[in-house]
Structures are given as structure tokens and as C-alpha cells.
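Undergrad: Sequence below, structure please.
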Amino acid sequence: MSSTPATATEVSRGQVAAWSLWDWGSAAFNAVIVTFVFSVYLTDAVGDDVPGPFSASTWLGFAIGAASLVVAVLAPVTGQQADAAGHRRRSLGLLTASVVVVTALLFLVEDDYHYLWLGLVLIAVGTVLFELAQVPYFAMLRQVSTPQTVGRVSGIGWAAGYLGGIVLLLICFFGFISGDGGLLGISEDGGLNVRLVALLSAVWFAVFAIPVLRSVPELPASASPVERTSWRESYRVLFGQLRAMWRDDRATAKFLIASALFRDGLTGVFTFGAVIAVSVYGFEDDTVIIFGIVANVIAAAGAFGAGRVDDTVGPRRVIVFSLTSMMVAGVILLFVHGSGGFWVFGLVLCLFVGPAQSASRTYLTRLTPPGLEGQHFGLYAMTGRAASFLSPTLFALCAFLGGDDRWGIVGILVVIAAGLAALLAVPAQVRDKALD
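TA: Residues are numbered from 1 along each chain as shown. Next up, the predicted model:
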């Protein structure tokens, strides 16, 4: 692949595949740990009899909310430092390795409420590390795409993530969970079968993260217009650039604010979807895994198809249509009872999560000057996590006040609606700054 310092002019399919495999591998943390398996194990088994006024689901919401605040503080300067030092790929490798270690440590969380706190801490720490790892990973998007294909490549990556989730969930379900310990017949005492799933997830992520670290080249420090500084000085530089962005590039600033809101709502859908399925709509633990598999198929199809639409009509229209459709499905879910309704409208939600996520990534890529990808995606993570206490906190608060996890859906819908309203103030047309 030949390239300018930070922008690809030709796309190597091998590098696109290597880059997408990180998304494929990351499903080990997103789909298995946070969404469909380990979070359900924590809330439905480990913390089932936790004493006190808050349920395990509520504690999980608070833990993720706390992790979000840490990400908000660290993400922008880690991205800036990686760009300025020419260490984008190295940062990705170190952070990914840290997520792998934390995921493996979840094996220590036994089926006893005394271990709930260890599980919550590990998931919170893993969330911080994973979000920080996404900063250099997202920043690499421009290295493996052109302005004409950035939406398509982003969609391929998101689709790969969902498909990786399908494969791994199938392995987990049939090998470790279905029946009595799955086909491998693993003991369920102390949650051993689910704890072994955590070890498998760690290995999965590690293996599929290797290709991008070998195939996508490190950008030199000269590719970034930002000079390397101390961490303390980085915050001063950051605040100065934020002021300049608000003065001279308000479209980017408005988009960061809007995306912070709606992305938190999207995260809430997947974080609490499995929990709601069990506690509200009567799903059994093994049924949740099956739902997760189907949901990932639907989400992958949505992300892949929307990638081509993104390159044609622009990312903003893709996001607006996706969020609107999710709002409709979410409102209907409030009045649906039984697993059948959740199968239908829960899958509708999943169909539009992928397109909104993928188009959001391409929108910021097009808005970002070459060489500042790490810093801008650091801001992307910062603003996202600065708001990301909203979804888990509003979910927990609405569930607590309503006396039922069903009312947690209202909290998530409020966040999505706020993000949609803010997005409508962002210009509909945007020129890719790599073309300037």
C-alpha cells in the first residue's frame, strides 16, 4: 500500500483483513464478557443473592459508569501521545495485551456473591483498557482505506466484529454452557464452565489481534502536526485545540457532542440487553446465548450493508435513520411481554446498532485532518465516556424507581433521543479532509 504519511491512496486487501481481524477478536470482550455471557453470569448467578438495596444489575451499571469517567480523563491524551511519538501501533499492542490479561483474570470469579466485587472491578478495568485500545485502532482506519472507501472498510470491520462474536458465542454455547456443561461436559460447580469461557475469550482476542500488529505499519512521528510533550503538557495542548476546534471547526465539535450521547445509548443497548432479556422477558441463560448469536448475525448484516450506503449518501443520514428506527423499536419494547416480542423488536434494535456505530467512526474520520486521527479519536472516546455514565446510571435509576428492569429501557431511550436531537444540528454534508 502506498500512502502519504497518514492517508492511504491505495488499499491493500491484506491490510484491510488484518485490521478487521482486531474487530473480530474484540468480540471476545464485547460480546462474550460484557454483553451475553459473563455479565449475565455476574448478575444472574454470582450476584443473585447480593445483600443491600441494589441488585447486581444496578451495581454493574454503576461499575461501568465509573469506568467511563476514567476513560474520559485518559483517552484524548493517550491518542495525542501515540500520534506525536509515532507509537500508534505499539499503543494498540500494549493496551490489547492488558485487556487479554484482565479477561483471563475473570476466571477467578466464582459463583458466590462475595466474588461479585472482584468481577465488577475486573470488568470496569477491562472496559477502561478496551476503550483506550480502540483509540489507536480507530485511528488506523484512514491507513487502510481511501476517502472513497472509508465507509465500506469501517462497515467491514464492524461486521467482522459481529461475526467474530457469532463464532465465539457458538463455541461457548455448545462447548461450555448448553445442557450440563456443554459438549465438553465441564462442571458447573462454582461457575467453572463460565469461568473457562473467560480464559477462552482471552486467548481468542490475543490470537486475532496479532495480524494488525504485523501488517499495518507504524506511522512516524513526523506524520502528526502535534509535537510530543509531557503528559501534563498534553492536557494544556488539548484544551487549546478544543478551543480552536470550537472557534474554527464547530461541525467536528458538535459531532463529538452528539456522538457522545447516541453512542452511549448504543452501548447501553448491548450492555443491558441480555440482562433485560433474562429479568424482564423470561429468557433462560442458554436462550440468551442463542439470541446473542442471531443478534450478531443481524448486526453484522446491518453494518456491512450500511457501509456501502455510507459512501454513497454520507454517514449522517445513516446515523439519523438508524437512531430513529431504534427509538421506535425501543418504545414498542416497553409494552411487549414475553420472549416472542423481545425476539422481534430486540433484533430490530440490533439491526441498526451496527450501521450507527460504523457510520459514526467514518464521520469523524472524514472530519479529521491527516495526522490527527489518534488525538481526534481520543476526543471521541473522551466525549463518549464523559457522557457514558448517562446510560448505565439512567438505566439503574429508572429500574430502581420503577421497581423493574423493564423501566431501565426508558433511561437508554432518553440518551439515544438526546443524541439524535444533537446530531440534527450537525451539517449533513461533510468533505473528507484527506482530500483537502
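Undergrad: What's the end-to-end length of stretch 34-49?
TA: End-to-end distance of stretch 34-49 (Cα to Cα, to the nearest Å): 20 Å.
Undergrad: Go through it and flag the buried ones.
TA: For stretch 34-49, a neighbour-count test (16 or more other Cβ atoms under 10 Å) marks 34-47 as buried. Yep, even glycine has a C-beta here, placed from its N, CA and C like the rest.
Undergrad: Please apply the same query to stretch 96-114.
TA: Neighbour-count burial for stretch 96-114 [16+ other Cβ under 10 Å]: 96-100, 102-107, 109-111.
Undergrad: swap in stretch 206-213?
TA: Under the neighbour-count criterion of 16+ other Cβ under 10 Å, stretch 206-213 has 206, 208-209, 211-213 buried.
Undergrad: same question, stretch 396-406
TA: The neighbour-count check on stretch 396-406 (16+ other Cβ under 10 Å) flags 396-400, 405-406 as buried.
Undergrad: swap in stretch 238-249?
TA: Within stretch 238-249, the residues scored as buried using 16+ other Cβ under 10 Å are 238, 241-242, 245, 249.
Undergrad: swap in stretch 331-339?
TA: Residues of stretch 331-339 classed as buried by neighbour count (16+ other Cβ under 10 Å): 333, 336, 339.
Undergrad: How far away from the center of its chain is stretch 185-203?
TA: Relative to its chain's centre, stretch 185-203 lies at 24 Å (Cα atoms, centre = their mean, to the nearest Å).
Undergrad: what's in contact with that stretch?
TA: Here stretch 185-203 makes contact (Cβ atoms under 8 Å, 6 or more residues apart in numbering) with 28-29, 32-33, 37-38, 41, 45-46, 100-101, 103-104, 106-112, 168, 171-172, 176-177, 180-182.
Undergrad: if we can go back for a sec, just the buried residues of stretch 34-49: which are in strands?
TA: Of the buried residues of stretch 34-49, none are assigned to strands by DSSP state E.
Undergrad: Format those as JSON lines; extra columns: distance to residue 424 and pLDDT.
TA: Below are those laid out as JSON lines (distance: Cβ to Cβ, whole Å; pLDDT from 0 to 100):
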{"residue": "34", "distance to residue 424": "30", "pLDDT": "87"}
{"residue": "35", "distance to residue 424": "29", "pLDDT": "79"}
{"residue": "36", "distance to residue 424": "33", "pLDDT": "78"}
{"residue": "37", "distance to residue 424": "37", "pLDDT": "88"}
{"residue": "38", "distance to residue 424": "37", "pLDDT": "93"}
{"residue": "39", "distance to residue 424": "33", "pLDDT": "90"}
{"residue": "40", "distance to residue 424": "35", "pLDDT": "87"}
{"residue": "41", "distance to residue 424": "40", "pLDDT": "92"}
{"residue": "42", "distance to residue 424": "37", "pLDDT": "93"}
{"residue": "43", "distance to residue 424": "35", "pLDDT": "89"}
{"residue": "44", "distance to residue 424": "38", "pLDDT": "87"}
{"residue": "45", "distance to residue 424": "43", "pLDDT": "90"}
{"residue": "46", "distance to residue 424": "42", "pLDDT": "93"}
{"residue": "47", "distance to residue 424": "40", "pLDDT": "89"}
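Undergrad: Residue 254: which of those is nearest?
TA: Nearest to residue 254 out of these is residue 34 (Cβ to Cβ; 28.9 Å).
Undergrad: burial of residue 28, as a residue count?
TA: A count of nearby residues for residue 28, using other Cβ atoms under 10 Å, gives 28.
Undergrad: dump the residue contacts of the closest residue to residue 71 other than its chain neighbours.
TA: Once flanking residues are discounted, residue 71 sits nearest to residue 385: 3.7 Å by Cβ to Cβ, 6 or more residues apart in numbering. Residue 385 makes contact with 68-72, 75, 131, according to Cβ under 8 Å, 6+ apart.
Undergrad: what about 6 Å?
TA: Residue 385 sits next to 68, 71-72 when contact means Cβ atoms under 6 Å, 6 or more residues apart in numbering.
Undergrad: Looking at those, which one is closest to residue 258?
TA: Residue 258 has its nearest neighbour among the contacts of residue 385 in residue 72, at 16.3 Å by Cβ to Cβ.
Undergrad: okay if I get the buried residues of stretch 34-49 as JSON lines plus distance to residue 295?
TA: Converted to JSON lines, the buried residues of stretch 34-49 look like this (distance: Cβ to Cβ, whole Å):
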{"residue": "34", "distance to residue 295": "14"}
{"residue": "35", "distance to residue 295": "9"}
{"residue": "36", "distance to residue 295": "8"}
{"residue": "37", "distance to residue 295": "13"}
{"residue": "38", "distance to residue 295": "16"}
{"residue": "39", "distance to residue 295": "14"}
{"residue": "40", "distance to residue 295": "14"}
{"residue": "41", "distance to residue 295": "18"}
{"residue": "42", "distance to residue 295": "20"}
{"residue": "43", "distance to residue 295": "18"}
{"residue": "44", "distance to residue 295": "18"}
{"residue": "45", "distance to residue 295": "21"}
{"residue": "46", "distance to residue 295": "23"}
{"residue": "47", "distance to residue 295": "24"}
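Undergrad: Thank you, goodbye.
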